[in-house]
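[1] Mind folding the following:
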Amino acid sequence: MGFTTTEKNDLSKRDLEAALKVFAQSARGADVAVIYYAGHGMEQGGLNYVVPVDATLGSDQDVEFDTVPLDLLLRSVEGASRLKLVILDACRNNPFMTSMKRSGGTRAIGRGLARVEPEGDVLVAYAAREGSTADDGDGGNSPFTTALTQKMVTPGLEIRLLFGQVRDDVLKATDRRQEPAIYGSLGGDPFYFVPPAPQRAAGANRPARAGPDAQAGDGPPTTPDSWRVAAISARRAGDLDKAMAAFGEALKLDPRDTEALYGRALLHVERSEWDPALADFDAVIKVRPGNAGAYHNRARAKDGKGDVDGAIADVSHAIQLNPQNDQSYVARARYYRRKAAWDLALADNNKALTLQADADAYYQRGVTLEGKGDAAGALADYDKALGLDPKLVRAGEARDRLAKKK
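    Residues are numbered from 1 along each chain as shown. Okay, the predicted model is just below:
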């Protein structure tokens, strides 16, 4: 559907707040910003909170300290210009309800989440309306998420109707036990996650389309949006040539379509086509000089061409624009390693770990420590990486290789 996505799982309060900070910065200047949160949420004193994995909530007085207010999620999408959407599949039973001590004050703890009235063009979607709880479901997804993911990819389904159909599907799937709800309002312009199929003139001739997926009105895309959707679908299917051609068609219609330019640039990087990648990233940056992602990824193309200093300059600019993106520090550390600038690389690896202490961050620091000659430190980091993700093959290979040298 053309979104740049970030997936975060099982976050602590600190990591969730850091992830929202990064997201808020990337949402500034975007057309659309969407946050989807699945997990536990709760209401206390009329205010809503999402519950990180490290929350203990020994008493009602801990809520403000251990959880993250829903308001922070709403503020994180404010920078988008067209649609600001927060989706909460978080109306679960409060797992701390029976164990939390009550202070005796006015902190009443409610069932589910409380109603919200977001300001501006902001929509908030609850899996279950205020004061009620949601089913987890018997399969991999909840009834709400199952319905939502099916409807979001339907071409031409306007967002207001989309959530209405999600509501109907969830009511049916739960025998009317659960009713989703939407809060907030939008302007008069329609919004589609997948644009409508182009309309053909009455009586227009076209070749018949065989097969079980044939639909009335099928035809080639005719707008930049629809060509971009076609490009993304082709990319997901692994057809890079078709994706490249579709981005090209979008740019024929609108040469300044920065989303198509950016998507095509990433394809060029994937195919190690450095010069056309640089040209497309240059075009994006000319129109959107505050796009940190364009600088971050242009650095990849420069590194591919052997311009390590240029890569360092670009990713450093990306860090200036978005200093909370851990991946930019990881990338710059990698470029510093190419120059054997071990101390600078290590500083960036350490910074990345303060932002996101995941398995890859420990592995990357282990690579730097190994290059610096600190075998013990490298082994320790490879072990930490494998402790967080036992399937991180490169960390296991690096640890085994280094262990054999000892």
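[2] Okay, helices next: where are they in the stretch 251-400 of the chain?
    258-270, 274-287, 292-305, 308-321, 326-338, 342-355, 359-372, 375-388, 393-405 (DSSP state H, counting those that start in this stretch).
[3] Using a markdown table, lay out those helices together with mean neighbour count and mean pLDDT.
    The way it works is simple: take the backbone N, C-alpha and C, and place the C-beta from them, glycine included. Shown next, in a markdown table, are the helices of the stretch 251-400 of the chain (neighbours: other Cβ atoms under 10 Å; pLDDT from 0 to 100):
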| stretch | mean neighbour count | mean pLDDT |
| --- | --- | --- |
| helix 258-270 | 23 | 90 |
| helix 274-287 | 19 | 94 |
| helix 292-305 | 23 | 93 |
| helix 308-321 | 19 | 95 |
| helix 326-338 | 23 | 94 |
| helix 342-355 | 19 | 95 |
| helix 359-372 | 22 | 94 |
| helix 375-388 | 18 | 94 |
| helix 393-405 | 14 | 90 |
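[4] closest to Asp175 out of these?
    helix 375-388 (40.6 Å; Cβ to Cβ).
[5] which strands and helices sit next to that closest one?
    helix 359-372, helix 393-405 (3 or more Cβ pairs under 8 Å, 6 or more residues apart in numbering; DSSP states H and E).
[6] I'd like the helices of the stretch 251-400 of the chain as TSV, with distance to Asp121 appended.
    Output for the helices of the stretch 251-400 of the chain, formatted as TSV (distance: least, Cβ to Cβ, whole Å):
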stretch	distance to Asp121
helix 258-270	20
helix 274-287	23
helix 292-305	24
helix 308-321	25
helix 326-338	30
helix 342-355	30
helix 359-372	36
helix 375-388	39
helix 393-405	44
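[7] ok so, going back, tabulate the helices and strands packed on helix 375-388 (TSV), appending distance to Leu186.
    What follows is these, written out as TSV (distance: least, Cβ to Cβ, whole Å):
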stretch	distance to Leu186
helix 359-372	38
helix 393-405	45
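[8] that's a strand at Asn48, yeah?
    Yes: under DSSP: H, G, I helix; E, B strand; the rest coil, Asn48 falls within a strand.
[9] which phi and psi does the residue lying closest to it once chain neighbours are set aside have?
    Using Cβ to Cβ, 6 or more residues apart in numbering and skipping the chain neighbours, the partner closest in space to Asn48 is Leu70 (3.9 Å). Main-chain torsions, Leu70, degrees, to the nearest 10: phi -60, psi -30.
[10] Which one of the helices and strands packed on helix 375-388 lies nearest to Arg256?
    helix 359-372 (35.2 Å).
[11] Need the CA coordinates for the closest one. CSV is fine.
    Extracted in CSV, the C-alpha atoms of helix 359-372 (Å, rounded to 0.1, in the frame of the first residue of the first chain):
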residue,chain,number,x,y,z
ALA,A,359,20.1,-8.7,18.8
ASP,A,360,21.4,-7.0,15.6
ALA,A,361,22.7,-4.0,17.6
TYR,A,362,24.8,-6.4,19.8
TYR,A,363,26.0,-8.3,16.8
GLN,A,364,27.1,-5.1,15.0
ARG,A,365,29.0,-3.9,18.1
GLY,A,366,30.6,-7.3,18.3
VAL,A,367,31.9,-6.9,14.7
THR,A,368,33.4,-3.6,15.7
LEU,A,369,35.0,-4.9,18.8
GLU,A,370,36.4,-7.9,16.9
GLY,A,371,37.9,-5.5,14.3
LYS,A,372,39.3,-3.4,17.2
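[12] Not counting it itself, show me its contacts.
    Outside helix 359-372, the residues that touch it by Cβ atoms under 8 Å, 6 or more residues apart in numbering are 326, 330, 333-334, 337, 340, 342-343, 345-346, 349-350, 352-353, 375, 377-382, 384-386, 388-389, 392, 394-395, 398, 402.
[13] and Val34, what are its phi and psi?
    The phi/psi pair for Val34 (degrees, to the nearest 10) is phi -130, psi 130.
[14] pLDDT score for the residue nearest to Asn48?
    Reported pLDDT at Leu70 in the predicted model: 92.
[15] Near it, how many other residues are there?
    By other Cβ atoms under 10 Å, 24 other residues sit near Leu70.
[16] same question, Val53
    Val53 has 13 nearby residues by other Cβ under 10 Å.
[17] wait, isn't Ala33 in contact with Leu20?
    No: in this structure Ala33 lies outside contact range of Leu20 using Cβ atoms under 8 Å: 11.3 Å.
[18] so what sits against both of the two?
    Common contacts of Ala33 and Leu20 (Cβ under 8 Å, 6+ apart): Ser76.
[19] Those two: which is more packed in?
    Taking other Cβ under 10 Å, Ala33 and Leu20 do not tie; Ala33 has more neighbours (23 against 20).
[20] Point out where the stretch 151-300 of the chain drops to low pLDDT.
    197-221 (pLDDT under 70).
[21] give me that answer again for 80
    Scanning the stretch 151-300 of the chain for pLDDT under 80 picks out 186-189, 196-223, 225-226, 229, 232-233, 235-237.
[22] hang on, isn't Leu355 packed against Gln327?
    No: with contact defined as Cβ under 8 Å, Leu355 does not reach Gln327; the gap is 9.1 Å.
[23] Val194 is in contact with Glu158, isn't it?
    No: contact criterion Cβ under 8 Å: Val194 and Glu158 do not qualify, at 10.7 Å.
[24] Compare those two (neighbour count), which wins?
    Val194 (18 against 14).
[25] In a strand, that one, correct?
    No: applying three-state DSSP, one finds Val194 to be coil, outside a strand.
[26] excluding its backbone neighbours, what's nearest it?
    Pro155 (4.6 Å).
[27] ok, now Asp10?
    Nearest non-adjacent residue to Asp10, counting by Cβ to Cβ, 6+ apart: Val53, 5.0 Å away.
[28] Could you check the pLDDT of that neighbour?
    pLDDT recorded at Val53 is 87.
[29] Quick check: the gap between it and Asp121.
    From Val53 over to Asp121 the distance is 32 Å, taken as Cβ to Cβ, to the nearest Å.
[30] which ones are touching Gln356?
    15, 18, 326.
[31] What is the nearest of those residues to Ala90?
    Closest to Ala90, out of all of those and judged by Cβ to Cβ, is Asp15, at 17.0 Å.
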